[in-house]
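Novice: Provided below for reference: sequence and predicted model.
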Amino acid sequence: MKKNRFTEEQIVAALRDAEATTVAASARKHGVSEQSIHRWRKQYDGMQVSDVRELKRLREENNRLKKLLAERDLEVEVMKEIQEKNGEPTHAASSGSVRDRARSQSPSSGMFMLDTALWYPLSFST
């Protein structure tokens, strides 16, 4: 990922200068093109430095979560392929109740798997 030459504080300062003076004067003062000022204005107009930092943090977190979801989906697909190769029915194609399938999958642990990474107790308190 390309590293920005300017920090959030510098971008907000350049936008404030552009509001107080002309875009051309602000661009010359900060050593950027007028196009950069217009792009920053389109992206960050009206934000404070803290808002820009929060936006950046949220974008990074969103990218991280998207990667995790993609990895999980890939793991699910691989598990489905492994089940099909072993001749086991897939979750949707299997017959019988969930409780019956759970007992046949893991009788000793008292646990069964409904979805990847989700475990629930087999017995209910009576």
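Specialist: Ah, there it is. Everything numeric here is computed off the predicted structure, so don't read it as measured data.
Novice: what segments of this protein are helices?
Specialist: 8-20, 23-30, 34-44, 49-85, 98-105 (DSSP state H).
Novice: now tabulate those in CSV and tack on mean pLDDT.
Specialist: CSV is the format used below for these (pLDDT from 0 to 100):
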stretch, mean pLDDT
helix 8-20, 89
helix 23-30, 92
helix 34-44, 91
helix 49-85, 93
helix 98-105, 49
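Novice: can you put these in a markdown table and add mean neighbour count?
Specialist: For the C-beta atoms, the positions are set from N, CA and C on the backbone; glycine is no exception. As requested, those are exported to a markdown table (neighbours: other C-beta atoms under 10 Å):
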| stretch | mean neighbour count |
| --- | --- |
| helix 8-20 | 17 |
| helix 23-30 | 16 |
| helix 34-44 | 15 |
| helix 49-85 | 11 |
| helix 98-105 | 14 |
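Novice: surely residue 24 meets residue 34?
Specialist: Yes: under the criterion of C-beta atoms under 8 Å, residue 24 makes contact with residue 34 at 5.8 Å.
Novice: and residue 43, how far from residue 18?
Specialist: As judged by C-beta to C-beta, to the nearest Å, residue 43 and residue 18 stand 13 Å apart.
Novice: again with residue 86
Specialist: For residue 86, the distance to residue 18 equals 64 Å [C-beta to C-beta].
Novice: contacts only, for residue 29.
Specialist: By C-beta atoms under 8 Å, 6 or more residues apart in numbering, the contact set of residue 29 is 14, 17.
Novice: rerun at 7 Å
Specialist: Taking C-beta atoms under 7 Å, 6 or more residues apart in numbering as the criterion, residue 29 is in contact with residue 17.
Novice: could you do residue 44 as well?
Specialist: With C-beta under 7 Å, 6+ apart, residue 44 has these contacts: 11, 12, 15, 52.
Novice: just send those residues back as CSV, with distance to residue 71 too.
Specialist: Listed next are the contacts of residue 44 as CSV, based on distance: C-beta to C-beta, whole Å:
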residue, distance to residue 71
11, 33
12, 35
15, 38
52, 29
